[in-house]
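Enquirer: need the 3D shape of this:
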Amino acid sequence: MVPFRGYGRLTRSTTLALLTTAAILAAEWADLLPDNVTLAVHTGCQVYVLLRVMRARISPAYLLLWGPLAWLLPLPTALLIFVFGGRKHVALADAKKEVNRVAWRLSDEPDFGGNHFRLLGDRHGRDTFEELRRQIKGARRRISLSTYILSNDAVGRELVSLLTAKAREGVEVRLLVDAIGSFGIPLRLCRPLRRAGGEVARFNPALPMQGKGSANWRNHRKIAVFDGTVAIIGGQNLGLRYMGEKPSPRRFRDCSFLIQGPTAAAIERVFVADWCQATDEPPMRFATLLRERCPHVGPARVEVIASGPDCEGDPLWEAYEKLFSNCKRSITVVTPYFIPDRTLFTLLVTAAHAGRHVKIMVPRRSDHRLLDLARRWHLRTLREAGAEILFFKPDVLHAKLVVVDDEHLVIGSANLDMRSLFLNYEIGAVVRDPAALAEVGALIAGWEGESTRYTEDLYRRSRTWTGRAVEAVSKVIAPLL
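Expert: So this is what the prediction gives:
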């Protein structure tokens, strides 16, 4: 069984205290050195920070955040950027390539055609919860489940209980949780699953020397694969805030998607790569799994896109760039956080100026107030270019959907912000199926009925000097959130 390796031993406050103490000690140590040595150390730290930030290529504003800090506090800033900075990891990319090489040696390249595709998008997340229950109970050989947040509430406890029962039956159960997204979950929540023979692992612990790469790289993927033939992906974490048996006024409005067919095997390959990274297990242990392929069961083509610090380039960003560049009629974006990079934003503005129907739907107020402030300039600029801006009112809209020309649908875990595009481990899929597009189109149309359109009065404060200053600061900090 895979150990927790210190799961739950360190609180957030303890982590911050350790980092603060290290920074203070480093500063005091520098005071004991000769002036010329201190100057050299400070200069080296400043150069290190600037090189790491420039290599990140997230945003020019990103440099405005780290540059002054490196000038004023070189040693503490170098420590912070060591723990939280950076964007790509060559060694991890090579490790993921090895998983793919093993998979390709054992079988052909992924087959993305011939899938059955179904939307799980009722108002209260009940159908996603019920489908997870049904698939867990029906699994015969293995269950591979990855989530950013596993909550210690009724939903989390029930799902862990169901997984535990399947592990006792001899089903292979692997549960991968992000070490920060699921930070502080009591050990007792997953202890029964481990005792029953299930395996539980944390992805990239935040403390230096524990994780692999920057603590800023989080696994935001939501993946559930059953027997290698059925997969569920989307934006919903495992908790009452995202799904449940009974309605809740605090529940996010979101959706997931059930995919049955060859693409499920490709999604499980992404899970295996993440699992091997988190546990250091060799990919050859999963040779039988990687060799499996599913027959065609439906008409949908669902092409999987995995993106993150371990990938060459930025596959998800590249997919959006291609779709937006080739748009002929319309672009619809549904996202809780709208802070695109300069290239994608320019493509959206250009499309709106060219008469394409650009529609952006965001929550009236998300669960991150600072990100709501950072999006103001983007939304205002798009509105002036002729785009349609919609604010979803009743709940926090947490869904992530992009539709281009009513021909291409992008689903998955990624928001249209710089963290999802350039820092997080994310999973997406490009769907080409008229029935799927019609189903998602109807869902978005229903949300439009609960939305209001952009008005100048809505953001009247953004026209003041103070409002513009808050926007500017928010845009600089946004990539870190």
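Enquirer: please count neighbours and contacts with C-alpha atoms only from this point.
Expert: Fine.
Enquirer: which strand residues sit across from Val362 in the sheet?
Expert: For Val362, the beta-bridge partners are Phe391 (DSSP bridges).
Enquirer: that one and Glu245, how far apart?
Expert: 26 Å (Cα to Cα, to the nearest Å).
Enquirer: adjacent strands (with direction) for whatever helix or strand Leu409 lives in?
Expert: Per DSSP states H and E: Leu409 is located in strand 408-412. Each strand paired with strand 408-412, and its direction, by DSSP bridges: strand 401-404 (antiparallel), strand 426-432 (antiparallel).
Enquirer: partners of the next helix or strand after that strand in the sheet?
Expert: The helix or strand immediately downstream of strand 408-412 is strand 416-417, counting by DSSP H and E. Applying DSSP bridges to the sheet, strand 416-417 is found paired with strand 338-339 (parallel).
Enquirer: the partner strand: how far from the chain's middle?
Expert: Mean-position distance between strand 338-339 and its chain equals 14 Å (Cα atoms, centre = their mean, to the nearest Å).
Enquirer: what does whatever helix or strand comes next after it rub up against?
Expert: As assigned by DSSP H and E, the chain's next helix or strand after strand 338-339 is helix 342-353. By Cα atoms under 8 Å, 6 or more residues apart in numbering, the residues outside helix 342-353 that reach it are 59, 320-321, 324-325, 327, 357-358, 378, 381-382, 385-387.
Enquirer: what of stretch 150-170?
Expert: Outside stretch 150-170, the residues within contact range by Cα under 8 Å, 6+ apart are 133, 136-137, 139, 141, 172-173, 177, 181-182, 185-186, 189-190, 192-194, 196-198, 237-240, 243-244.
Enquirer: buried ones only from these, please, as a PyMOL command.
Expert: Burial among the contacts of stretch 150-170 is assessed by 16 or more other Cα atoms under 10 Å; the matching PyMOL selection reads:
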select buried, resi 136+139+172+173+177+181+182+185+189+190+192+193+194+196+197+198+237+238+239+240+243+244
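Enquirer: picking that back up, and the strands paired with strand 408-412: which comes nearest Val297?
Expert: strand 426-432 (15.2 Å; Cα to Cα).
Enquirer: give the next helix or strand downstream of the closest one.
Expert: Heading C-terminal from strand 426-432 (DSSP H and E), you reach helix 434-448.
Enquirer: next one: that next one to chain centre, how far?
Expert: 23 Å.
Enquirer: give me the mean pLDDT for the strand or helix carrying Val358.
Expert: Assigned by DSSP H and E, Val358 belongs to strand 357-363. The average pLDDT within strand 357-363 is 97.
Enquirer: ok, back up a step: what's the closest of the strands paired with strand 408-412 to Cys276?
Expert: With Cα to Cα as the yardstick, what comes closest out of the strands paired with strand 408-412 is strand 426-432 (16.4 Å).
Enquirer: okay, the angle between the closest one and helix 434-448?
Expert: 110 degrees (axes from the mean of the first three to the mean of the last three Cα atoms, to 10 degrees).
Enquirer: not counting its own residues, what contacts strand 426-432?
Expert: Applying Cα under 8 Å, 6+ apart, the contact partners of strand 426-432 are 219-222, 300-308, 316, 407-414, 420.
Enquirer: reformat the strands paired with strand 408-412 as JSON lines; add mean pLDDT and distance to Gly446.
Expert: Shown next, in JSON lines, are those (pLDDT from 0 to 100; distance: least, Cα to Cα, whole Å):
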{"stretch": "strand 401-404", "mean pLDDT": "98", "distance to Gly446": "14"}
{"stretch": "strand 426-432", "mean pLDDT": "96", "distance to Gly446": "21"}
